[in-house]
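K.L.:
sequence and computational prediction follow.
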Amino acid sequence: MIGAAARVVVPGARCFDISGGNGGVYRIMIAVPESPPPVAGFPVLYHLDGNAVFASMVEAMRIQGARGSATGVAPGIIVGIGYAVDGPFDRLRRTLDYTPPADPATLGERPDGGEWTPTGGADAFLDMLESQVKPLVAGLAAVDPARQALFGHSLGGLCALHMLLARPHAFARIVAVSPSLWWNGGAVLRALDARGTSLPAERARVMIAVGGEEEPPETPGEDAHAARRRAHGLITNARAFADRLPADVFRIFPGENHGSAVHAALGPALRFALPAAP
C-alpha cells in the first residue's frame, strides 16, 4: 500500500517574498547550516536564478560542507534570489534585472530570435540585493561580512561581472558561469578595458567558467541556435575577460553545454566561494 505523498522540501531552508529593485516580488530562499557559526560568522553565497539552482546548491553545500577538511568547502549560508513563480525562470524579470543599461537600438537580435523585453535594470537590482537581501540574511544568522560571495550563470554571470566593475568591494568572491558577455556588443568587456588598472587591488576574487560545448564549430545543416551560440563567442569572451582582469580561476568543463555548465560548476564554485581555508 502506498501512503499519501509528502511534499519534498529543502532541509533547513526558509523562504521570504520581498518587493523592491525593478518592481514586482523577489523570492529569497535561505538555508543556514545546522552547525554553530564560526567566531566571525558564517560565509554566505548569494546566487542568482534562485528558483533554478537553490536546491542543487544547498544539497551540494550540505554534503561537502560537512567534510570540509576533505572537500575544501566550509559550511556556509546559501541564498537564492529568485521570483514568485513555479518554474525555474521568470525570463522577463531576469532579462530586466541582470542586464546593465543599454540603448535598445544597439542590442541586435535576442538569442532566441525574438524581440527584446525591457532591459537595463542591473543597478536597481543590485541596490535591492545590497539594501534588502543582505540585511535580511544578517538578521537570521551570524554572518561574516568579509566572506560573502556572488554566483551567476548566463545573464546572471553577466550581472555578477557588472557588479565586479561597478561595486568591486560588494563581495569577496564572484563566480560567473557562462557569462553573457556578448550583451550589448561586448559592453562589459569594454567597461573592463576602460577601468584598466583603476580596479582596486582588494577587489573581489573571481572565478569564470564555461562549458566546452558552448561555442560549437560550424557544421553542415546546423540549426540557427548553434549558429547564434557560436556568434556569441561564449568561450572566447569568457577567456578574454579572465585574461584581461585577470581572474583567479578560469575553467572549461568538457562536454558541457550552456544549460548543463551551471551544474558542472557547483562543486568547483563552492570550493572557490566558500573555501574551508580562506
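P.N.:
Cool, the structure landed.

K.L.:
C-alpha only now, for contacts and for neighbours.
P.N.:
Will do.

K.L.:
now Glu256: how far from Pro216?
P.N.:
Per C-alpha to C-alpha, to the nearest Å, Glu256 is found 11 Å from Pro216.

K.L.:
over to Gly152?
P.N.:
Look at Gly152 and Pro216: by C-alpha to C-alpha, they are 22 Å apart.

K.L.:
ditto for Asn51
P.N.:
Shown here: Asn51 relative to Pro216, a distance of 28 Å by C-alpha to C-alpha.

K.L.:
repeat that for Glu59.
P.N.:
Per C-alpha to C-alpha, Glu59 is found 32 Å from Pro216.

K.L.:
of those two, which one has the most company?
P.N.:
Higher neighbour count among Glu59 and Pro216: Pro216, with 18 against 14, using other C-alpha atoms under 10 Å.

K.L.:
can you pull the contacts of Thr117?
P.N.:
Neighbour list for Thr117: 92, 95-96 [criterion: C-alpha atoms under 8 Å, 6 or more residues apart in numbering].

K.L.:
out of those, which are buried?
P.N.:
95-96 (16 or more other C-alpha atoms under 10 Å).

K.L.:
just the contacts of Thr117: which are in helices?
P.N.:
Within the contacts of Thr117, residues falling in helices by DSSP state H are 92, 95-96.

K.L.:
out of the residues you listed, which is nearest to Arg228?
P.N.:
Checking these against Arg228 by C-alpha to C-alpha gives Thr95 as the nearest, at 17.8 Å.

K.L.:
so what's that closest one up against?
P.N.:
Per C-alpha under 8 Å, 6+ apart, neighbours of Thr95: 117-119, 155.

K.L.:
buried members of those into PyMOL, please.
P.N.:
What follows is the PyMOL syntax selecting those of the contacts of Thr95 that are buried according to 16+ other C-alpha under 10 Å:
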select buried, resi 119+155
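
K.L.:
go through the contacts of Thr95 and flag which are in strands.
P.N.:
Secondary structure from DSSP state E places none of those in strands.

K.L.:
tabulate the contacts of Thr95 (CSV), appending distance to Ala265.
P.N.:
Output for the contacts of Thr95, formatted as CSV (distance: C-alpha to C-alpha, whole Å):
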residue, distance to Ala265
Thr117, 29
Pro118, 29
Thr119, 27
Leu155, 16
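
K.L.:
out of the contacts of Thr95, the closest to Pro43 would be?
P.N.:
Lowest distance from Pro43 to the contacts of Thr95 (C-alpha to C-alpha) belongs to Leu155, with 24.4 Å.
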